[in-house]
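Enquirer: got a sequence here, can you build the structure:
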Amino acid sequence: MILWFHPVAGFSTALLGLSSNPLHPRSPLMVPASQSPSSPPDHSGHWWNRTVLGAGLTSALADFCYESTTVVLPGLLLVLGIPVALLGVIEGIADMIASVTKLAAGFIADKLGHRKRLVLCGYLLTPLGQVLIALAGGWPLLLLGRMVSWFGKGLRGPLRDAIVIQSIRPETRGRAFGFHRAMDTLGAIFGPLLGVWLLGWSQAFAWRDAAGPFRLVLGLSVIPGLLAVAAFGMLVHDPASTPNPALRLLTSLRGLSPRFRHYLRAVGCFGCGDFSHSLLIMAATQLLTAHHEPMRAAQLAGLLYVVRNVVQSLSSFPVGVLADRVGPLPVLAVGYTLGATTALLVAAAFAWQITTLGSLVLLFVIAGVYMAVQESLESTVVAELVTRETLGTSLGALGTVNGVAKFLASTLVGVVWSTLSPVAAFGLAAGLMGAGTVLLTRLPRRP
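Expert: Numbering: from 1, shown residues only. Next up, the predicted model:
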């Protein structure tokens, strides 16, 4: 039997509190939390515990570190003479490295029961990657630095999420992950803000190299990256995780339920259009050069990215609360719809040369809302579809599908942009994201 709901209609029904939806957490078709094999032990404490707070603080500091790279990277590539197509390839390769690492890290954690030490190693690799990017004089070292950072991101992501999931009750997952993503995005707000301010402040100095201001931002970003490692080590408690030495990767993957496989197909299809937002910043930079000189356009594009992150931070917790009340799948479908809308609007901006700052602000606001939904709820849905014993592997599989898809998306958008046009590139992205949304709405009912 196939479930169908129109994203907008389903969302409206959810807001009215109708519980006939089989995906609703109080529906008779849903397994009670106490009987769910993926449920953690019943914790009597509030969802906002030391582990959730520590994971959120760590993510805020880590994002402060590497999101400053995201906002200055397009400008650095421009002054180094690296073409747009290479930015897409670099971001895509970095995402692919992270995705493969996520699956391996999740499986190793399920097999050996060790998670916290791997997460700490992952957070330590981020500032190391920043140092390599700061030293880059061309694309090879820049690519290496991005790969090192994203290897660390892949190593820590699913294991950190598994720790958070097992430290809270199932009925508060949305709130916990909403809070975590809000904290994560706070770092993504202040990191780029400081980066943009430093780019302007550094103009008062005489630089031999036009890339000097960008290197300054990257060098200073190492400090919060090291603080993130310290915060996770001191604050986060990893709940007991039973080792499973007999676990085999291929056997675990073959044993994933049909519903979870369908969910991965939907995530993968959407992800094939979900391009890196470094390309969104690049798009804004190019559009703004119609009225501003290149450095000013880069600064304004960086501020637009900050706007996106502010919206994402403010939206994440309300999105989590709503998902706890109505179920995460309908809300995630609406978020996917907004993602496709974002890509369509970028294509329209290039097609009709919409270069006003106000129009671009609206575009980045919509992008912030869809990112809040996507990042808060994709892992939450996984926890409802799999058993506790394979939670790490399943989260790793989600990360792998996302990463491979985003590699294809960033590479595809960058190449089509360079060889055809930005209208064709972002139009194609919108079509793939829309197809993923349709697949998500057709997720089969729970047996």
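Enquirer: end to end, how far does stretch 318-338 reach?
Expert: End-to-end distance of stretch 318-338 (Cα to Cα, to the nearest Å): 16 Å.
Enquirer: buried stuff in it?
Expert: Across stretch 318-338, burial judged by 16 or more other Cβ atoms under 10 Å covers 319-320, 322-338. Every residue, glycine included, has its C-beta placed from N, CA and C.
Enquirer: pLDDT (mean, whole number) over it?
Expert: Here stretch 318-338 scores 92 as its mean pLDDT.
Enquirer: repeat that for stretch 426-437.
Expert: 96.
Enquirer: who's in contact with it?
Expert: 7, 266-275, 283, 333, 336-337, 339-341, 343-344, 346-347, 350, 409, 412-413, 416 (Cβ atoms under 8 Å, 6 or more residues apart in numbering).
Enquirer: so which of the residues you listed belong to strands?
Expert: With strands defined by DSSP state E, no entry of the contacts of stretch 426-437 lies inside them.
Enquirer: ok, residue 187 - how many residues close by?
Expert: Neighbour count of residue 187, defined by other Cβ atoms under 10 Å: 26.
Enquirer: okay, now residue 352: neighbour count?
Expert: Considering only other Cβ under 10 Å, residue 352 is surrounded by 10 other residues.
Enquirer: if you could redo that for residue 126, that was the one I meant.
Expert: 28.
Enquirer: relative to residue 272, how far out is residue 265?
Expert: Taking Cβ to Cβ, to the nearest Å as the measure, residue 265 falls 11 Å from residue 272.
Enquirer: more neighbours, those two?
Expert: residue 272 (22 against 15).
Enquirer: wait, that one sits on residue 410?
Expert: No - Residue 272 is beyond contact range of residue 410, at 10.2 Å (criterion: Cβ atoms under 8 Å).
Enquirer: where does residue 401 land in three-state SS?
Expert: helix (DSSP: H, G, I helix; E, B strand; the rest coil).
Enquirer: which helix or strand contains the nearest residue to residue 343 once chain neighbours are set aside?
Expert: Distance criterion Cβ to Cβ, 6 or more residues apart in numbering; nearest residue to residue 343, sequence neighbours excluded, is residue 430 at 3.7 Å. Here residue 430 sits within helix 422-441, counting by DSSP states H and E.
Enquirer: name the residues of that helix that come out as buried.
Expert: Applying 16+ other Cβ under 10 Å to helix 422-441 flags 422-430, 432-441 as buried.
Enquirer: mind saving the C-alpha coords of it as CSV?
Expert: C-alpha atoms of helix 422-441 as CSV (Å, rounded to 0.1, in the frame of the first residue of the first chain):
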residue,chain,number,x,y,z
PRO,A,422,23.5,29.1,-14.9
VAL,A,423,19.8,29.0,-15.9
ALA,A,424,20.2,25.4,-17.2
ALA,A,425,22.3,24.4,-14.2
PHE,A,426,19.9,25.5,-11.5
GLY,A,427,16.8,24.5,-13.5
LEU,A,428,18.2,20.9,-13.6
ALA,A,429,18.9,21.1,-9.9
ALA,A,430,15.3,22.1,-9.3
GLY,A,431,13.9,19.2,-11.3
LEU,A,432,15.9,16.6,-9.4
MET,A,433,15.0,18.1,-6.0
GLY,A,434,11.3,18.1,-7.0
ALA,A,435,11.5,14.4,-8.0
GLY,A,436,13.0,13.6,-4.6
THR,A,437,10.2,15.4,-2.9
VAL,A,438,7.6,13.3,-4.8
LEU,A,439,9.4,10.1,-3.8
LEU,A,440,9.4,11.1,-0.2
THR,A,441,5.7,11.7,-0.2
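Enquirer: can you find the helix or strand of this structure with the lowest average pLDDT?
Expert: Between all helices and strands in the chain, the lowest mean by mean pLDDT, DSSP states H and E belongs to helix 7-15, at a mean of 35.
Enquirer: give me the mean pLDDT for the helix or strand following that one.
Expert: Downstream of helix 7-15, the next assigned helix or strand under DSSP H and E is helix 50-80. Averaged over helix 50-80, pLDDT sits at 82.
Enquirer: in the very next helix or strand once past helix 50-80, what's buried?
Expert: Once the chain leaves helix 50-80, the next helix or strand it forms, by DSSP H and E, is helix 84-112. Using 16+ other Cβ under 10 Å as the burial criterion, the residues of helix 84-112 that qualify are 84-111.
Enquirer: hey, what's the angle from whichever helix or strand comes after helix 84-112 to helix 50-80? Just curious.
Expert: Next helix or strand after helix 84-112 toward the C-terminus (DSSP H and E): helix 116-135. Interaxial angle, helix 116-135 versus helix 50-80 (axes from the mean of the first three to the mean of the last three Cα atoms, to 10 degrees): 20 degrees.
Enquirer: tilt between helix 116-135 and helix 84-112?
Expert: Using the same axes, to 10 degrees: helix 116-135 against helix 84-112 is 160 degrees.
Enquirer: which is the next helix or strand following helix 116-135?
Expert: Using DSSP H and E, the first helix or strand after helix 116-135 is helix 139-165.
Enquirer: isn't residue 151 right up against residue 100?
Expert: No - contact criterion Cβ under 8 Å: residue 151 and residue 100 do not qualify, at 9.0 Å.
Enquirer: the residue minimising distance to the centre of the chain: helix or strand, and which one exactly?
Expert: In the chain, the residue lying closest to the centroid (Cα atoms, centre = their mean) is residue 375, at 5.2 Å. Residue 375 belongs to helix 357-385 when elements are defined using DSSP H and E.
Enquirer: what separates residue 441 from residue 262, distance-wise?
Expert: Residue 441 is 11 Å from residue 262, by Cβ to Cβ.
Enquirer: who touches the nearest residue to residue 283 once chain neighbours are set aside in this structure?
Expert: Using Cβ to Cβ, 6+ apart and skipping residues adjacent in sequence, the residue nearest residue 283 is residue 346, 5.6 Å away. By Cβ under 8 Å, 6+ apart, residue 346 lies in contact with 280, 283, 363, 422, 426.
Enquirer: same thing but 10 Å
Expert: 275, 279-280, 283-284, 287, 354, 360, 363, 367, 413, 422-423, 425-427, 429-430 (Cβ atoms under 10 Å, 6 or more residues apart in numbering).
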